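Student: Quick one, structure for this:
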Amino acid sequence: MFNQDVQIVFTLAVREAQRRQHEYLTTEHILYALLLEGVGQQILTACGGDIEGLKDLLENFFDLHLEHLPEDLEDDEVPRQTLALQRMLQRTVLHMQASNQGEVGIGDLLAAILEEENSHACFFLQSQGIERVDLLDHISHGTVTGGGADEPEERPAEPGQRERGKPKQKPADPLKSFTVDLIARARKGKIDPLIGRDAELERTILILCRRRKNNPIFVGEPGVGKTAMAEGLALRVVEGKVPDLLKNSELFTLDMGALLAGAKFRGDFEERLKSVVVALQKRERAILFIDEIHTIVGAGATSGGSLDASNILKPALSSGEIRCIGSTTYEEYRNLFDKDRALSRRFQKIDLHEPSSDEALQILQGLSPRYAQHHEVSYRAEALEAAVQLAVKHLPQRHLPDKAIDIIDEAGAQQRLDGQLSRPIGIAEIERVVARMARVPIRTVTGSDRQRLRYLERDLKRVVFGQDPAIDNLVKSIHRSRAGLGHPDKPVGSLLFT
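Tutor: Here you go, the predicted structure:
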């Protein structure tokens, strides 16, 4: 919980309180011990504090304001903690957890003391011009080493903590640290081919060739293939099937996880994103792909402030210095992205609608060799057709082609685990996977719809009595929908039973 330096500070504080015959251990004792400890001295001196002046103030406070116990008491009597000290210790633990550190450090103690505004310790620090904001900024970005007063050599940082003896080291190449090179992945064959979407891809290329506002954004429901569009563009660049303006282009996708990892303090995230933007500006034909681009709207903003990550991108996007491709869903585009008009007007919207069943089947036919090679199995043609049909029927909450691809992928994995590599995957295997994914009985998936629809009216009237007109209307709506006469985006029927 507490690192070695903090444990030394507590030991010194208790000994000082015992030496002075004080009944209570206070935040002032902790501050006094910090003045005797090497790391505390370095931090306070770097923040403009006068160590000797603080000692004099605390000595005067101990003599005038703290009562002394009778001298006949034992010297090893442990002083009791005040409520203020207990609150301060709780704050140090909360600060450690919030900053995702492994242990409480000296800086956490000083920051917690400055939060105890009604204490003399806080007043003494503020009287020397030491504020909590400046202290935190110095701890995170300063040059204070981690050794004690009698430890001239540097010690490695405690686990989970930033090395406080060294300035923050910027990555040599932000693009290697915070992005993924899609062109390199395409050259290594790690990207699946893009099947279909020719019109959308051509418009993407057209927008990228514009002089200004040359930033396309893919908007579509989850699973329709927005990320695959960026990967398909990378494949086109590698294959040379792009205009001369885009040949030899570099395409990077922003790794939001790496960008956020370890960004404990205010300004870390913005600094990393800015370094990525600057690195892209130095490359003539660099393109940045930001998946889930709505996440940068408001990222890094403080309460009541207007600065966020999107403001770092806006100047470079409007001038055309960098080109950016974004992707988001209709809901996030409407609720978040489009509300930032200054950012959204710099992007050209490209709608990616869910492909039809025939288009989804073509996609499966194009991708199935990749999955067959990975799982060391083979797929029958009717299995791919069944995957699309059953995905549409039993997984309505998801979208093509993603749900159909998941079905053949899981079927291949199951076949491989069962050790039946020589047996091609057919309709039966697809039906079992869909039944498991949709959590419905296998007979519901494998049964004949035609037979059930034929006798639906008879079966309902056997269990529901006296409601023949209602059953007739219900069955008529179901027959009309299953015959393909209904609207795909409307319900099968809207019925009110009273």
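Student: which stretches of the stretch 101-250 of the chain form helices?
Tutor: With helices called from DSSP state H, counting those that start in this stretch, the stretch 101-250 of the chain shows them at 106-115, 120-127, 132-141, 174-178, 182-187, 198-208, 226-239.
Student: can you list contacts of the helix ranked longest in the chain?
Tutor: Of all the segments of type helix in the chain, defined by DSSP state H, the longest one is helix 357-375. Helix 357-375 is contacted from outside by 192-193, 195-196, 355, 378-379, 381, 384-385, 387-389, 391-392, 400-401, 404-405, 408-409, 412-413, 415-416, using C-beta atoms under 8 Å, 6 or more residues apart in numbering. Yep, even glycine has a C-beta here, placed from its N, CA and C like the rest.
Student: what's downstream of it, the next helix or strand?
Tutor: Downstream of helix 357-375, the first helix or strand assigned by DSSP states H and E is helix 381-394.
Student: Contacts for that next one next, please.
Tutor: 357, 360-361, 364-365, 368, 398, 400, 403-404, 407-408, 411, 424-427, 429-431, 434-435, 437-438, 440, 445.
Student: circling back: could you check how far the longest helix of the chain is from the centre of its chain?
Tutor: 30 Å (C-alpha atoms, centre = their mean, to the nearest Å).
Student: Contact partners for the nearest residue to Asn248 once chain neighbours are set aside?
Tutor: By the measure of C-beta to C-beta, 6 or more residues apart in numbering, the closest residue to Asn248 outside its immediate chain neighbours is Arg285, 6.0 Å from it. Contacts for Arg285 were tallied using C-beta under 8 Å, 6+ apart; they are Leu246, Asn248, Ser249, Glu250.
Student: Equivalent analysis for Arg416, please.
Tutor: Counting by C-beta under 8 Å, 6+ apart, Arg416 touches His375, Glu376, Val377.
Student: what angle do the helix or strand hosting it and helix 226-239 make?
Tutor: Counting by DSSP H and E, the secondary-structure element that holds Arg416 is helix 402-417. Here helix 402-417 runs at 80 degrees with respect to helix 226-239, directions being taken by axes from the mean of the first three to the mean of the last three C-alpha atoms, to 10 degrees.
Student: and Ile407, how many residues sit next to it?
Tutor: Residues contacting Ile407 under the criterion other C-beta atoms under 10 Å number 26.
Student: Just confirm it contacts Ile430, I think it does.
Tutor: Yes - contact status for Ile407 versus Ile430: in contact at 6.2 Å, counting by C-beta atoms under 8 Å.
Student: Roughly how far does the closest residue to Leu201 other than its chain neighbours sit from Ile207?
Tutor: Closest residue to Leu201 in three dimensions, ignoring its sequence neighbours and counting by C-beta to C-beta, 6+ apart: Gly232, at 6.0 Å. Between Gly232 and Ile207 the distance, using C-beta to C-beta, to the nearest Å, works out to 15 Å.
Student: With neighbour numbers in mind, choose between the two.
Tutor: Residue environment comparison for Gly232 versus Ile207 gives the larger neighbour count to Gly232, 23 against 19, counting by other C-beta under 10 Å.
Student: OK, contacts around the more buried one?
Tutor: Under the criterion of C-beta under 8 Å, 6+ apart, the contact partners of Gly232 comprise Pro193, Leu194, Arg197, Leu201.
Student: pLDDT score assigned to it?
Tutor: Here the pLDDT value assigned to Gly232 is 93.
Student: Pull out the buried positions in the helix or strand that contains Ala17.
Tutor: For Ala17, the host element (DSSP H and E) is helix 4-19. Buried residues in helix 4-19, counted by 16 or more other C-beta atoms under 10 Å: Asp5, Val6, Ile8, Val9, Phe10, Leu12, Ala13, Val14, Glu16, Ala17, Gln18.
Student: By mean pLDDT, point me to the weakest helix or strand of this protein.
Tutor: helix 442-446 (a mean of 63; mean pLDDT, DSSP states H and E).
Student: before we move on, back to that, any idea which of the helices of the stretch 101-250 of the chain has the lowest pLDDT on average?
Tutor: Averaging pLDDT over each of the helices of the stretch 101-250 of the chain puts helix 132-141 lowest, since it has a mean of 71.
Student: and Leu400, what does it touch?
Tutor: Gly223, Val224, Glu354, Pro355, Ser356, Ser357, Glu359, Ala360, Val388, Ala391, Val392.
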